[in-house]
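Peer 1: after the sequence you'll find the predicted model.
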Amino acid sequence: MLRKKLVTAQKRGETRALCLGLAMVVCSGMMYFFIGVTIVPSYSKSVWTKEAVCRLIKASIKEKVHCSFNEGSGDENNFYYPCLEVYVNLTVLGQMVMLYNTEETVARNPKCFYIPPNMGSYNEVQKHVDTTMDYIKKKQTFTCYYDPSRTEASVISERLYDPRGLVITSLWPTLMLLGGLFIVILVKTSQCLSALAASQYKISI
Ligand SMILES: *[C@@H]1O[C@H](CO)[C@@H](O)[C@H](O)[C@H]1NC(C)=O
């Protein structure tokens, strides 16, 4: 009687573990799909793949030209800011090119080095842009990324879509997949072993 109860409890536990393992596998599959659909295209679109050294030629705030976002129509996407323009010497090629902060900046506003955070008041934003310009002028030489095929002439100072980021993003679904598979294999192995033990027990009787 007790033995039967124990066996049922064990069976129920195994089924639950198996469900958990399979759910983890399915969930990781969905995460991979999501990453593949939403994140991978940005990475594969990014052409600024080669690292180089850039030397500052000119950093200035365009006189009285204040740009706004091109994208979106909400108020928060439509504030005005001083447009910082930065030209650098891409030293490997000896070319004067425009420097942008990230891939996103090129897509959102190709006129300015970066889009400052919207701080509410124009003065605050202006302070932010001034500080950034001072920093660039002090630094003079920086690491930058360019398009080795030269289809895209500009360079960027920071890669949002560094392939290393993709590896880190895939870490969670990979861990979940491995964990799920581990549970499934563990349950299946223990079922096989107990089946084997049961048949040997019968034979020995
Ligand atoms: C960029 O720098 C290289 C060497 O450092 C120099 O020969 C070249 O003339 C510079 N190009 C521009 C556009 O300033």
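Peer 2: Sure, I can see it.

Peer 1: return the residues in contact with the residue most central in space within the chain.
Peer 2: For the chain, the residue nearest the mean C-alpha position is residue 165 (5.0 Å; CA atoms, centre = their mean). Contacts for residue 165 (CB atoms under 8 Å, 6 or more residues apart in numbering) come out as residue 43. Every C-beta, even on glycine, is put in place using the N, C-alpha and C of the backbone.

Peer 1: retrieve the pLDDT associated with it.
Peer 2: We have a pLDDT of 87 for residue 165.

Peer 1: mind checking which helix or strand it is in?
Peer 2: Residue 165 belongs to helix 163-169 when assigned by DSSP states H and E.

Peer 1: output that helix as PDB, nothing but the C-alphas.
Peer 2: Only the C-alpha atoms of helix 163-169 are listed here, as PDB (Å, rounded to 0.1, in the frame of the first residue of the first chain):
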ATOM      1  CA  PRO A 163      28.700  41.400 -31.700                       C
ATOM      2  CA  ARG A 164      29.900  40.800 -28.200                       C
ATOM      3  CA  GLY A 165      26.600  42.300 -27.000                       C
ATOM      4  CA  LEU A 166      24.700  39.700 -29.000                       C
ATOM      5  CA  VAL A 167      26.700  36.900 -27.300                       C
ATOM      6  CA  ILE A 168      25.800  38.400 -23.900                       C
ATOM      7  CA  THR A 169      22.100  38.700 -24.900                       C
END
